[in-house]
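Engineer: build me a model:
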Amino acid sequence: ASHRWTAYVRGNGNEDISHIVQKVTFNLHPSFKDHVRKVEQQPYELTETGWGEFDIGVVLHFTPDAQEKDLEIFHRLKLYADDDPTGQSRKPVVHEQWEEVVFVNPQQAFYQRVMAHQPRARVPLSVEGYLAPPSEAAELAAIQEARRKVAQLSANLRAQLQQHGMDSPTGMHM
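Structural biologist: Below you'll find the predicted structure:
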């Protein structure tokens, strides 16, 4: 195994989410021994070693009073930074994705309990020293950079289509 990695689930701003999430199941690549791992208390994290990148299935199991179906999210395990595809850097790679969970018409008892919840001291993640503190400015900059990249890719595609005599992806002139 060439890399040590940690997958985790955390609340926005690192807040404690154990009043909503009862446990988290991590579904690893089948090549792992015991590839289905359940974490039943915070921090909801799993540390392993391996050599390849793969999609991890992350299942959130909500507290029973939520009466909600489990929610499965897929996250790509990244072992190499985008700017270091050869893996020569020894700097840790942090690859997070944001998922917003909305409870539509929640059970009344669950809603009341969540709204009355007093924040608790949370258990820190083992990788916390590598995580950037939450920053609206950084998130806005990332969104602007993503928009810039999409605009550039769109412009490149339009130019390629025009070179082939097409003004649109359907081949129809407009």
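
Engineer: for this protein, which segments count as strands?
Structural biologist: Shown for the chain, the strands assigned by DSSP state E span residues 3-9, 21-27, 36-39, 44-50, 55-62, 71-76.

Engineer: make CSV from those strands and add distance to residue 96, mean pLDDT and mean neighbour count to it.
Structural biologist: Heads up, the C-betas are built off the backbone N, CA and C, glycines and all. What follows is the strands of the chain, written out as CSV (distance: least, Cβ to Cβ, whole Å; pLDDT from 0 to 100; neighbours: other Cβ atoms under 10 Å):
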stretch, distance to residue 96, mean pLDDT, mean neighbour count
strand 3-9, 9, 92, 18
strand 21-27, 15, 97, 19
strand 36-39, 17, 98, 14
strand 44-50, 12, 93, 16
strand 55-62, 12, 97, 17
strand 71-76, 9, 96, 13
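
Engineer: in a markdown table: these, plus distance to residue 160.
Structural biologist: Below are these laid out as a markdown table (distance: least, Cβ to Cβ, whole Å):
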| stretch | distance to residue 160 |
| --- | --- |
| strand 3-9 | 37 |
| strand 21-27 | 39 |
| strand 36-39 | 44 |
| strand 44-50 | 38 |
| strand 55-62 | 30 |
| strand 71-76 | 27 |
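
Engineer: out of these, flag the one nearest residue 150.
Structural biologist: Smallest distance to residue 150 across the strands of the chain (Cβ to Cβ): 19.1 Å, for strand 71-76.

Engineer: name every strand pairing with that closest one and say which way it goes.
Structural biologist: Using DSSP bridges, the neighbouring strands of strand 71-76 in the sheet come out as strand 55-62 (antiparallel).

Engineer: among the strands of the chain, which comes closest to residue 106?
Structural biologist: Using Cβ to Cβ, the strands of the chain put strand 55-62 closest to residue 106, at 10.0 Å.

Engineer: quick revisit: which of the strands of the chain sits closest to residue 137?
Structural biologist: Using Cβ to Cβ, the nearest of the strands of the chain to residue 137 is strand 3-9, at 23.6 Å.

Engineer: the closest one pairs with which strands, and in what direction?
Structural biologist: According to DSSP bridges, strand 3-9 forms sheet pairs with strand 44-50 (antiparallel).
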